[in-house]
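>>> Based on what follows, work out the 3D shape:
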Amino acid sequence: IGRVNSITSNTILNLVAFPASTGSCSLGKMDVPNSNDKVVYIGNPCIYSDVEVLFDPPPTTINKLEFYRHSPSQLVSNTLTHGPGTTLNIKVSAVVNQPSADGETYLWDINNRKVKINGSLSIGINDASVTRLARVVTAGFAGDSILTIGTGLRFRCPAASNLPAVLDMSGGAGIVSVAGAVTLDNGTGTISGGSGGSVFNYNDTINSQTVNLIVGSGIAYNNLHLNNTNNDGAILGAVVTTANVTGNISVQKGMLQNGGFAITGNATTFEVANSITKPTTFRMTGTATFPTGFGTYTFAASSTTQYYQNINQNISAQTYGHLHVEPTADGGIIHTFPASTTIVQGNLRIGNSTNTGVIVNCAGAASAIIVNANLTLNANTTFNISASTANPTITLGGDWFQNGVFTSTATNNVTFNGSGGQIVNSTLLSTVP
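Here you go, the predicted structure:
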């Protein structure tokens, strides 16, 4: 349109036209959108120019947010930036489309403010061009819940590149929490966690969630938190590598299942934390071993670790909460305690009564199993501490419940060290010379 040249008699606005290639303006009334508005668009469908919106009102609720996509194609980049102290509640959904012209960007800069989307967030529109970018940016400080999504996060990105649809969390340590599915339409899209302490949190309270780790995508979480309270919890969708999770993994509520996939960490922390509302569980299945590579492993006293694999496994020497060693295949599957000390702060359960021929033994003379509460040996399982060439030991602070076979030698010690009376309840004879 042009720039203001003069105003005559307060009634006539004289403009000097911009060259066609450089025109930029924004027309309209300053107003705070609210929940009565059906859709709040970022971008002006009537004017082909960049739009930059600074969102700085008090806490506001709207129905739906959408970055308007021009048709036919226009060289337009639109930006929504959240100002200091702002809080936005979106009742339905948010859609950040890709621009309709190459080299342009639609940017939603949440920064370290707070946004809650009761529905879903969609980034991109499956436009085949890899230079038409849709970006959502968060920052924040440690512990800050920056972006909360109620029913799913969707990346609509072309198959040729991960760059057109991006969630960039690299600018801070804030938390992005998602209930519902994290989906990548074509197996592409980017979650950039950075290295500043950002947290991606799977936190559905109704349905289980697949932790999206699609190989070949641009997914790279910094810290990964699991707070899914469905009975099946959160389930890995692919292997965890040092590239797709660069920081800590923390099961804070509910269950994490490895889905049969390996977990390889950096020199960070793998944690199964304490939870009052929904006890935490880490379950290993398939052929995957115990997580490797982490500098620290922490298991709260109330947590449960489950070895449910279907092939021979070595049990990691850790201080567990409750420990379940329950192979899920028949015919002589062996799980082996290490030739070092394993501490179980709660109960130890061996075998699941269903799978037959299960054997649990000890690796060597230094094997020491310390159980602060009860030990349960289920049917169809043999717990054999005589398989070692020397003297593995068991120390038990609670009761002994036995429906399987326990085998030891004259040199093995089973010590009952509870502070009160202890029960030894066995339906089968044990070999204890």
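>>> going forward, measure contacts and count neighbours with C-alpha atoms only.
Noted.
>>> Quick one: list the elements packing against the one helix or strand N201 maps to.
Using DSSP states H and E, N201 maps to strand 199-202. Using 3 or more CA pairs under 8 Å, 6 or more residues apart in numbering; DSSP states H and E, the elements in contact with strand 199-202 are strand 175-178, strand 223-226.
>>> so can I have a markdown table of those strands showing mean neighbour count, distance to G119 and mean pLDDT?
Converted to a markdown table, those look like this (neighbours: other CA atoms under 10 Å; distance: least, CA to CA, whole Å; pLDDT from 0 to 100):
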| stretch | mean neighbour count | distance to G119 | mean pLDDT |
| --- | --- | --- | --- |
| strand 175-178 | 25 | 10 | 98 |
| strand 223-226 | 24 | 20 | 98 |
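>>> Same list, those strands, but as CSV with distance to G83 please.
Converted to CSV, the helices and strands packed on strand 199-202 look like this (distance: least, CA to CA, whole Å):
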stretch, distance to G83
strand 175-178, 18
strand 223-226, 26
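>>> among the ones you listed, which is nearest F261?
Ranking these by proximity to F261 (CA to CA) places strand 223-226 first, at 16.0 Å.
>>> hang on, the earlier thing: G286: which of the helices and strands packed on strand 199-202 is closest?
Per CA to CA, nearest to G286 of the helices and strands packed on strand 199-202: strand 223-226, 20.6 Å.
>>> For the following helix or strand past that closest one, which helices and strands make contact with it?
Note on strand 223-226: by DSSP H and E, the next helix or strand toward the C-terminus is strand 234-236. For strand 234-236, the elements it packs on are strand 209-211, strand 255-257, judged by 3+ CA pairs under 8 Å, 6+ apart.
>>> quick one, which of those strands is packed in tightest?
Mean neighbour count (mean count of other CA atoms under 10 Å) peaks for strand 255-257 among the helices and strands packed on strand 234-236, with a mean of 26.
>>> hmm, who's touching it?
Contact partners of strand 255-257, identified using CA atoms under 8 Å, 6 or more residues apart in numbering, comprise 226-229, 231-236, 279-285.
>>> so what strands line up beside it?
Applying DSSP bridges to the sheet, strand 255-257 is found paired with strand 234-236 (parallel), strand 281-284 (parallel).
>>> continuing past that strand, what's the next helix or strand?
Next element after strand 255-257 (DSSP H and E): strand 269-272.
>>> Show me how far that next one is from its chain's centre.
Relative to its parent chain, strand 269-272 has a centroid offset of 13 Å by CA atoms, centre = their mean, to the nearest Å.
>>> ok, residues contacting it?
The contact list for strand 269-272 (CA under 8 Å, 6+ apart) reads 247-252, 280-282, 294-300, 303.
>>> Give me the neighbour count for the nearest residue to T341 once chain neighbours are set aside.
The shortest distance from T341 to any non-neighbouring residue, by CA to CA, 6 or more residues apart in numbering, is to A368 (4.6 Å). Using other CA atoms under 10 Å, A368 has 22 neighbouring residues.
>>> Kind regards, and thank you for your time.
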